[in-house]
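Undergrad: Structure for the following, please:
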Amino acid sequence: MIEKNINQEDTLKIKAVIPPEEVVFVDMVFKSYEGIAMLTLHEAEQGLINLDVTEGTRSQVLEILDDFKEMFPVKIVYDEGLEC
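TA: Now for the predicted structure:
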C-alpha cells in the first residue's frame, strides 16, 4: 500500500459547530468519502469539530456541510481557506 505523506502545510482547517448527537454521523459521512477530510473533536459537548482538508477537497467539504443544513444546524466558525 502506498501512502502519501501530507504535511501540515498541505492542509487547511475548517471548524464547525454541529449538534453533538450528529458528530458520529458526520464523521461516518466524511470517512465514506475516503480521505476528503479528517474530522477531530475540539469541544465534544458543544459539537465543535475540526476538519482537516486540502485545497483540492475544501469546496467539496463545504458543499457537504451545506447539505447537512437541510437535516440539522451547521455553523462554520472558521475556514482557513478564506485566508489564502
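
Undergrad: who touches the least confident helix or strand in the chain by mean pLDDT?
TA: Here the helix or strand of the chain ranked lowest by mean pLDDT, DSSP states H and E is strand 38-43, holding a mean of 89. Strand 38-43 has contacts (CB atoms under 8 Å, 6 or more residues apart in numbering) with 15, 23, 26-27, 30, 48-52. Every C-beta, even on glycine, is put in place using the N, C-alpha and C of the backbone.

Undergrad: quick one: buried residues of that strand?
TA: Buried residues in strand 38-43, counted by 16 or more other CB atoms under 10 Å: residue 39.

Undergrad: what distance separates that strand from the centre of its chain?
TA: Distance of strand 38-43 from the chain centroid (CA atoms, centre = their mean, to the nearest Å) equals 8 Å.

Undergrad: neighbouring strands for it, and are they parallel or not?
TA: Strand 38-43 pairs in its sheet with strand 48-53 (antiparallel), by DSSP bridges.

Undergrad: just checking, what packs against the helix or strand where residue 63 lies?
TA: If you go by DSSP states H and E, residue 63 is part of helix 58-68. On a contact count with 3 or more CB pairs under 8 Å, 6 or more residues apart in numbering; DSSP states H and E, helix 58-68 meets strand 12-17, helix 23-32, strand 75-79.

Undergrad: Rounded mean pLDDT for the second one, please.
TA: If I follow you right, that is helix 23-32. Mean per-residue pLDDT for helix 23-32: 94.

Undergrad: Check stretch 49-61 too.
TA: In this model, stretch 49-61 has a mean pLDDT of 95.

Undergrad: Same check on stretch 65-72?
TA: 97.

Undergrad: buried ones in that stretch?
TA: If you call a residue buried by 16+ other CB under 10 Å, then stretch 65-72 has these buried ones: 65, 68.

Undergrad: end-to-end on that stretch?
TA: End-to-end distance for stretch 65-72, by CA to CA, to the nearest Å: 10 Å.

Undergrad: who's in contact with that stretch?
TA: If you take CB under 8 Å, 6+ apart as the criterion, stretch 65-72 is touched by 14, 16, 18-19, 22, 26, 74, 76.
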